[in-house]
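J.: Sequence isn't available, so here's the structure alone:
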């Protein structure tokens, strides 16, 4: 997958976004230095081992183009836009919208299992602890509570995907799950229940995530899981470069305003809001490039220039995106 070690944050070439790293005494939190050191160490470890059947994962194309909220929006509906595609998420007002890291890990697991098993009915395990293991999460009480809450939010939500371009209009409404049965006792997360917790994906959602899945490295998604934005940027960058390669376009310039609509809907629609979003986006992009240094991206004044680069994952376990050779 990779032929060279990750590039240190303080030595990113000029073609990559220049974002100052955390340096004590320079007004930047020391925690950024610790975070950068940890990510560089993990990236180095990942680069030494090729993607295998265990680490190969998938995300649905629509879920990569348009993403979930990063933080709790405090409302029961949410919309993100990417070019001609808009994704609306409608939640049960009594339960709320899914947000943050956990539903992204759950969705990656769901999409991966659906692609690999070719079956809409998924086995979540006989205990909450077992499912936490499947997701690569800690098995302590805090993560268990987060998993339970965010799973209920996610599986009770309805997605609405709209495509509008040059007079064309396409709409698809779909529930994520037709059925969800959790037999988890929050007081006894280790207990093996008599019945296995299961999830049956709706037909529309199952087709959507399995027809054109985006291959990703689950190890990278876990490494970036402190930031939902970094997780989103990673999956999107893998997909965007694939599109450039398959369409034989040398590059694409994505305006900052478009990126803000896609990744930063919670920032204010003001010049200051755009500036704050751009700063945070470039910080998280810098972290993503540690795991995908072959990605050729440049921060320009009007937007982000993404060039056709080497594919991040060159085999996809038989998924349709494997039709393009690197």
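T.: Yep, that arrived. Bear in mind the structure is a predicted one, so any value in this text is a computation, not a measurement.
J.: same question for stretch 108-118, mean pLDDT?
T.: Taken as a whole, stretch 108-118 carries a mean pLDDT of 95.
J.: Not counting its own residues, what contacts it?
T.: 56-60, 63, 120, 122, 134-135, 199, 201, 206, 209-210, 213, 216, 218, 221, 317, 319 (C-beta atoms under 8 Å, 6 or more residues apart in numbering). Yep, even glycine has a C-beta here, placed from its N, CA and C like the rest.
J.: got the buried residues for it?
T.: 108-116 (16 or more other C-beta atoms under 10 Å).
J.: Is the most centrally placed residue in the chain part of a helix or strand, or is it coil?
T.: Nearest to the mean C-alpha position of the chain, by C-alpha atoms, centre = their mean, lies residue 232 at 3.7 Å. Assigned with DSSP: H, G, I helix; E, B strand; the rest coil, residue 232 falls in the helix class.
J.: At which residues are the helices of the protein located?
T.: Under the criterion DSSP state H, the chain contains helices at 30-47, 61-65, 101-117, 128-135, 141-155, 203-211, 218-223, 228-247, 256-263, 271-291.
J.: out of these, which comes closest to residue 91?
T.: helix 141-155 (6.3 Å; C-beta to C-beta).
J.: What angle do helix 128-135 and that closest one make with each other?
T.: 80 degrees (axes from the mean of the first three to the mean of the last three C-alpha atoms, to 10 degrees).
J.: could the buried residues of stretch 108-118 be laid out in a markdown table, adding distance to residue 141?
T.: Formatted as a markdown table, those follow (distance: C-beta to C-beta, whole Å):
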| residue | distance to residue 141 |
| --- | --- |
| 108 | 23 |
| 109 | 21 |
| 110 | 24 |
| 111 | 27 |
| 112 | 26 |
| 113 | 26 |
| 114 | 29 |
| 115 | 32 |
| 116 | 30 |
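J.: and which of the residues you listed is nearest residue 94?
T.: residue 110 (23.1 Å).
J.: Roughly how far does that closest one sit from residue 209?
T.: From residue 110 across to residue 209, the span is 7 Å (C-beta to C-beta, to the nearest Å).
J.: tell me which residues in stretch 239-252 are buried?
T.: 239-245, 252.
J.: neighbours around residue 302, how many?
T.: Using other C-beta atoms under 10 Å, residue 302 has 10 other residues around it.
J.: hang on, isn't it packed against residue 254?
T.: No: Residue 302 lies out of contact with residue 254 (C-beta atoms under 8 Å); the separation is 9.4 Å.
J.: any weak-confidence spans in this protein?
T.: 1-32, 183-195, 314-326 (pLDDT under 70).
J.: circling back: what is in contact with residue 110 and residue 209 at once?
T.: In contact with both residue 110 and residue 209: residue 201, using C-beta under 8 Å, 6+ apart.
J.: any idea how far residue 139 is from residue 264?
T.: Residue 264 is 33 Å from residue 139, by C-beta to C-beta.
J.: of the two, who's got more company?
T.: Between residue 264 and residue 139, counted using other C-beta under 10 Å, the more crowded position is residue 264 (21 against 16).
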